[in-house]
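**Q** next one to model:
(one chain, ligands or ions: 1)
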Amino acid sequence: VRRRDILEKFGDDYVADDRTFKMGIDHRFTECMAERFVGMRVLEACTGGGFTTIALARKAAHVTTVEIDPAIRLQAQANVERAGLLDRVTFVGGDVMSEGILDGYPPIEAAFLDPDWAVAGAGHVYRFRRSNTEPPADALLERTFRLTSHVAIVLPPFVALGELEGLPTHERQELYLGDSHELYCLYFGGLARSVGTTRLRVDRER
Ligand SMILES: C[S@@+](CC[C@H](N)C(=O)[O-])C[C@H]1O[C@@H](n2cnc3c(N)ncnc32)[C@H](O)[C@@H]1O
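**A** Residues are numbered from 1 along each chain as shown. Below you'll find the predicted structure:
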């Protein structure tokens, strides 16, 4: 990955490989998302290269972040250290879906969920219900609601919106980079600023 692409997407000279670069969310989006978590103790699933962790840690009281892949977790630790935020982040290694994974860690007040939807490679067809992401988006959301009602979840732009029917009341934010619809973020509970669809658009850098 080219240094200048990392600088543009994530705002500093962080470590990333092809996968963590692609999975990582643009810093101008994560900065806006993180505004909703000011002063809270946040659970993040999953860490990836730590790019959302950094934005959250700058605003939240504390972030407990879970990542299954040890090599990816090391990248995130290096990036959080570079950002000077190690004291605000607890890294948990393992499967966020496994029982007891959060036992003994500080209690949380809100959660930020960003499962990996590109996991099956080219030709992968995204499903939210009976989800085929890693971890499964629908099961992760359901499990997180048992911990807190204040939840944000990132979904790909091509999710069939009918699959979201029946979820608790939420704000559905469309995130645009220039004219390109990059992501959705759903906000539940106290993280929602309104009900229904909202749009966040940032300009492409020149
Ligand atoms: C989309 S990435 C997160 C990217 C991050 N939000 C960022 O902006 O840098 C999803 C991560 O989930 C991890 N993962 C997949 N299954 C998991 C599981 N069951 N428990 C914990 N982490 C998991 C993957 O290894 C991957 O790093």
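**Q** C-alpha from now on. contacts and neighbour counts both.
**A** Will do.
**Q** enumerate the residues of this protein near the ligand.
**A** Residues of the chain found near the ligand (C-alpha under 6 Å from any ligand atom) are 23-25, 46-52, 66-69, 94-97, 114-116, 134-135.
**Q** and the next helix or strand past the helix or strand encompassing Ala57?
**A** Here Ala57 sits within helix 51-59, counting by DSSP states H and E. Where DSSP H and E defines the elements, the next helix or strand beyond helix 51-59 is strand 62-67.
**Q** that following strand packs against which elements?
**A** strand 41-45, helix 51-59, strand 89-93 (3 or more C-alpha pairs under 8 Å, 6 or more residues apart in numbering; DSSP states H and E).
**Q** where do the helices of this structure begin and end?
**A** With helices called from DSSP state H, the chain shows them at 3-10, 18-23, 27-34, 51-59, 70-82, 137-145.
**Q** drop anything exposed from the residues of the chain next to the ligand.
**A** Buried subset of the residues of the chain next to the ligand (neighbour count, 16 or more other C-alpha atoms under 10 Å): 23-25, 46-52, 66-68, 95-97, 114-116, 134-135.
**Q** closest one to Val125 among the helices of the chain?
**A** For Val125, the closest of those is helix 137-145, at 13.8 Å, according to C-alpha to C-alpha.
**Q** run through who's touching that closest one.
**A** 97, 111, 113, 115, 128-131, 151, 153 (C-alpha atoms under 8 Å, 6 or more residues apart in numbering).
**Q** now could you export just the CA positions of it as CSV?
**A** These are the backbone C-alpha positions of helix 137-145, laid out as CSV (Å, rounded to 0.1, in the frame of the first residue of the first chain):
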residue,chain,number,x,y,z
ALA,A,137,-23.6,-9.0,11.1
ASP,A,138,-27.2,-10.0,12.3
ALA,A,139,-26.0,-12.3,15.1
LEU,A,140,-23.4,-9.8,16.2
LEU,A,141,-26.0,-7.0,16.4
GLU,A,142,-28.5,-9.2,18.3
ARG,A,143,-25.8,-10.3,20.8
THR,A,144,-24.6,-6.7,21.3
PHE,A,145,-28.2,-5.6,22.1
